[in-house]
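Chemist: What would the 3D arrangement of this be:
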Amino acid sequence: CMNVVMWFYQQRGTLFPEIDKHGSNAGVPELVRSLILAVGVCYMASLEHRDAYLERVAQALSLTSEVISTEIESCKKVFINHVDCPASVAKNDALKENVFMMVVCMNLRIPLFLVGKPGSSKSLSKTIAAHAMQGKSSQSELFKGFKKVQLASFQCSPHSSPDGIISVFRQCAQFQKDKNPDEYVSVVVLDEIGLAEDSPKMPLKTLHPLLEFGCIDDEQPEDFKKVAFIGISNWSLDPAKMNRGIMVLRTSPLLEELEKTALAICPHDKKHILSEMKILIPQLTEFYQKVLREQEQFSEFFGLRDFYSLVKLIVSYAMETDGRPSNEDLTKAVQRNFGGFDSIDILKIFSDVLGEKTEKCDTTSLLRENLKMGTSGFKSRYLLLPTTNHAALHILKLQAIINEDNTEVIFGSGFPHDEEYSQV
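Modeler: Numbering: from 1, shown residues only. Sure, this is the predicted structure:
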């Protein structure tokens with residue numbers, strides 16, 4: 001924590017004036033402000049319920065919890081405003097905190113574990129933060145004072161081996177060799193790290209010395225071997241690994257946060273469409289929450305990505321009609337994003353929320369629309385079409401849904417090893 005305090009204190013000349021634009025704490029000494037931000041990084045990010053912790057910290061520092069919360073939230077806003085986010089990406093609380101934590105931990109080579117359900121901006125924030133951290137070549141004046149980052153990603157699976165993970169750390173260490181450690185940092189990114197826990201080879205055991213020294217027992221721990229680390233997972237790992245770094249726990253967003261994110265997706269330059277979406281968004285979030293409750297007795301089939309994609313598709317329909325989408329369009333959007341799970345009657349849930357009876361759309365028309373090149377700027381999601389004996393492929397050709405001239409068909413083999421997903 002003290003290293004983080006000193007890093008924020010060293011950045012005070014450029015960072016604190018930017019923070020003051022969002023919420024001034026000018027009366028608080030600079031060293032105390034650095035301590036507040038360090039506490040936000042090292043401890044608060046790991047907590048699900050933070051109010052009680054904020055009160056205790058405020059009491060210890062003789063400040064109010066509002067002052068501490070404002071300082072941390074303002075710093076997150078500064079970082080997210082100085083990175084390049086795609087126009088269709090909502091700068092919600094999850095993205096702001098993820099980028100904030102990654103920037104600090106990569107600069108200081110502190111191991112970071114990012115844990116959250118699919119759709120909680122984990123991989124997106126990694127890409128955004130790494131793109132912004134280009135050292136002296138950064139577009140932002142603030143980020144020119146940070147280190148230049150180079151990522152080395154490793155996709156974990158139940159077939160991962162210790163040698164595979166060790167080789168990524170060695171590769172990253174070589175990137176750093178003969179470079180100035182104050183200006184350059186290599187980052188090992190283990191994606192879907194939770195899947196590697198199922199490997200019989202127990203590859204994650206190698207993380208213990210690698211996170212602390214950058215090398216395993218039979219190597220000399222030199223300074224350049226200590227690299228930064230980000231582990232991304234959909235669920236928590238065992239404490240022996242998590243305690244060697246900082247864990248950011250991304251919980252399911254509350255109703256208010258869902259509505260705020262959905263609203264941020266909408267185009268703010270077209271006021272009449274925005275006003276229509278403001279009416280629809282509470283209904284869409286209520287529908288999504290009901291779907292989550294219905295699927296609790298089954299597997300977690302639907303998630304945040306389905307909800308965000310639903311909002312984006314409805315926005316594209318609104319852009320086409322230049323107003324409120326029709327009930328048919330709303331039904332199509334629901335079927336396209338919440339189809340494929342017969343255990344739940346999705347359309348009945350949606351009809352109950354909408355207060356009107358909706359008719360089921362033809363599957364063929366949904367397929368045709370999904371495979372179109374684009375819909376008012378909306379990028380169609382990848383389509384999974386379960387079939388028996390390749391029957392769906394024949395139907396797609398027969399109905400002229402796909403054009404054989406611009407379509408490539410790949411058939412997998414029936415050999416046992418070829419059927420493992422790691423061989424694809």
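
Chemist: Using CSV, write down the CA coordinates of stretch 10-24.
Modeler: C-alpha atoms of stretch 10-24 as CSV (Å, rounded to 0.1, in the frame of the first residue of the first chain):
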residue,chain,number,x,y,z
GLN,A,10,4.7,11.5,-7.3
GLN,A,11,1.8,12.0,-9.8
ARG,A,12,0.3,14.8,-7.8
GLY,A,13,1.5,17.6,-10.1
THR,A,14,-0.5,16.3,-13.1
LEU,A,15,-3.2,14.0,-11.5
PHE,A,16,-4.6,16.1,-8.7
PRO,A,17,-5.4,19.2,-10.8
GLU,A,18,-7.4,16.9,-13.1
ILE,A,19,-9.2,15.3,-10.1
ASP,A,20,-10.1,18.8,-8.8
LYS,A,21,-12.1,19.4,-12.0
HIS,A,22,-14.5,16.7,-11.0
GLY,A,23,-14.8,17.2,-7.3
SER,A,24,-12.4,19.5,-5.4
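
Chemist: Residues contacting that stretch, please?
Modeler: With contacts defined as CB atoms under 8 Å, 6 or more residues apart in numbering, stretch 10-24 is touched by 8, 25-26, 30, 33-34, 70-71, 73-75, 77-78, 82, 141-142, 145. In short, each C-beta sits where N, CA and C put it, glycine included.

Chemist: and if you look at stretch 384-402?
Modeler: By CB under 8 Å, 6+ apart, stretch 384-402 touches 340, 364, 367-368, 371, 404, 409, 411.

Chemist: cutoff 6 Å now
Modeler: Contacts of stretch 384-402 with the rest of the structure, by CB atoms under 6 Å, 6 or more residues apart in numbering, involve 364, 367-368.

Chemist: May I see the ChimeraX selection of the buried members of the residues you listed?
Modeler: Command for ChimeraX that selects the buried part of these, burial taken from 16 or more other CB atoms under 10 Å:
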select :367
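
Chemist: Inside helices: which ones of the contacts of stretch 384-402?
Modeler: Of the contacts of stretch 384-402, the ones assigned to helices by DSSP state H are 364, 367-368.

Chemist: of all those residues, which comes closest to residue 346?
Modeler: Closest to residue 346 out of the ones in helices among the contacts of stretch 384-402 is residue 367 (17.1 Å), distances taken as CB to CB.

Chemist: still on that earlier bit, which of the contacts of stretch 384-402 lies closest to residue 98?
Modeler: residue 367 (34.8 Å).

Chemist: With residue 340 as the reference, measure out to that closest one.
Modeler: In this view, residue 367 and residue 340 are 12 Å apart by CB to CB, to the nearest Å.

Chemist: before we move on, the earlier item: which one of the ones in helices among the contacts of stretch 384-402 is nearest to residue 149?
Modeler: residue 367 (41.5 Å).

Chemist: ok, now which ones touch the closest one?
Modeler: Residue 367 touches residue 401, counting by CB under 6 Å, 6+ apart.

Chemist: For it, report the pLDDT, please.
Modeler: According to the predicted model, the pLDDT of residue 367 comes to 85.

Chemist: One more: residue 418?
Modeler: At residue 418, the pLDDT value in this model is 65.

Chemist: Please confirm that residue 237 is located within a strand.
Modeler: No - Residue 237 is assigned coil when assessed by DSSP: H, G, I helix; E, B strand; the rest coil, not a strand.

Chemist: burial measure for it, as a count.
Modeler: Close neighbours of residue 237, defined as other CB atoms under 10 Å, add up to 18.

Chemist: and residue 186, that one's in a strand?
Modeler: Yes - counting by three-state DSSP, residue 186 is located in a strand.

Chemist: Settle this for me: it is touching residue 171, isn't it.
Modeler: No - counting by CB atoms under 6 Å, residue 186 stays clear of residue 171, with 8.2 Å between them.

Chemist: just checking, what's the longest helix in the protein?
Modeler: As assigned by DSSP H, the longest helix anywhere in the chain is helix 271-294.

Chemist: which residues are in contact with the helix or strand just after that helix?
Modeler: Next helix or strand after helix 271-294 toward the C-terminus (DSSP states H and E): helix 304-321. Outside helix 304-321, the residues within contact range by CB under 6 Å, 6+ apart are 119, 262, 265-266, 273, 288, 325, 329, 333, 337-338, 375-376, 378, 381.

Chemist: Would you list the buried entries among those residues?
Modeler: Here, 16+ other CB under 10 Å leaves 119, 262, 265-266, 273, 288, 325, 329, 333, 337-338, 375, 378 buried among the contacts of helix 304-321.

Chemist: list the contacts for the residue positioned nearest the centre of the chain?
Modeler: What sits nearest the mean C-alpha location of the chain, by CA atoms, centre = their mean, is residue 121, with 1.4 Å. Residue 121 makes contacts with 94-95, 98, as judged by CB under 6 Å, 6+ apart.

Chemist: Same question for residue 35.
Modeler: Neighbour list for residue 35: residue 5 [criterion: CB under 6 Å, 6+ apart].

Chemist: quick check, it in a strand?
Modeler: No - counting by three-state DSSP, one finds residue 35 to be helix, located in no strand.
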